[in-house]
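1. what's the 3D shape of this:
(2 chains)
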Amino acid sequence: DSGVTQTPKHLITATGQRVTLRCSPRSGDLSVYWYQQSLDQGLQFLIQYYNGEERAKGNILERFSAQQFPDLHSELNLSSLELGDSALYFCASSPSTAGNTIYFGEGSWLTVV
Amino acid sequence: GQSLEQPSEVTAVEGAIVQINCTYQTSGFYGLSWYQQHDGGAPTFLSYNALDGLEETGRFSSFLSRSDSYGYLLLQELQMKDSASYFCAVRDQGQAGTALIFGKGTTLSVSS
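-> A predicted model of the protein is given here:
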């Protein structure tokens, strides 16, 4: 158990819908990262927050957004969902922005039908 | 920008030694990390090299050559439980800020 908690674990939704994935980082970690993992794809970096502020942005679609709240939990919002958005979404955390060691949650499986 | 190249698949038998290579291109190199992911599970940290040379942690070792932009993960005395995907990663100081960027992963299959 890494100490990073993600909910929900599984989610099935229809195209065009909007979902919110939630992440609670390890106690004391200020950085939160979101990654997308599709079939046959590696871990695609989406976005990073540090202490409530956006720190780095990867290949995140405009339909996706995220935020980190004062209690340091983070939410990833996915809207206008398409079939291709079906993937495993991981949240990870680290104490600082310079984490070479980041700790992953168990992921949220999103299936868009 | 950054890119990482690693083989997509490697197969080996129990008790053998396997090496998973990783070459990288990145602006502002801060070290090479390795992560293990069992099927459907969370990636977990294995090792990190900031300086050239070999780092050993039990049956796993990791090597880095900064001049060659190359590293590898060496797994010895392979066990069935080592069947997993292995990812190399670099911290990028470019467009992606300071996030860890991962390669596409190498699927290791260990057979008896």
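
2. can you list the residues of chain B near chain A?
-> Within chain B, the residues that sit near chain A (C-beta under 8 Å from any C-beta of the partner chain) are B:30-31, B:33, B:40-45, B:48, B:50, B:87, B:91, B:95-105. All C-beta atoms are positioned from the backbone trio N, CA, C, and that covers glycine.

3. pLDDT score for residue B:3?
-> The model reports residue B:3 with a pLDDT of 88.

4. so it is in which element?
-> Assessed by DSSP states H and E, residue B:3 sits inside strand B:2-5.

5. my guess is residue A:2 contacts residue B:45. True?
-> No: using C-beta atoms under 8 Å, residue A:2 is not in contact with residue B:45; the gap is 9.3 Å.

6. among the residues of chain B next to chain A, name the ones in strands.
-> When DSSP state E defines the strands, the subset of the residues of chain B next to chain A inside them is B:33, B:44-45, B:48, B:87, B:91, B:100-102.

7. could you pick out the buried ones from the residues you listed?
-> Using 16 or more other C-beta atoms under 10 Å in any protein chain shown as the burial test, those include B:33, B:45, B:48, B:87, B:91, B:100-102 as buried.

8. including pLDDT, could those go into JSON lines?
-> What follows is these, written out as JSON lines (pLDDT from 0 to 100):
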{"residue": "B:33", "pLDDT": "94"}
{"residue": "B:45", "pLDDT": "94"}
{"residue": "B:48", "pLDDT": "92"}
{"residue": "B:87", "pLDDT": "97"}
{"residue": "B:91", "pLDDT": "82"}
{"residue": "B:100", "pLDDT": "88"}
{"residue": "B:101", "pLDDT": "89"}
{"residue": "B:102", "pLDDT": "93"}
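
9. show me where pLDDT drops low in the chain?
-> No chain in the question, so chain A it is. Residue ranges of chain A with pLDDT under 70: A:99.

10. wrong one, chain B
-> B:1, B:93-97.
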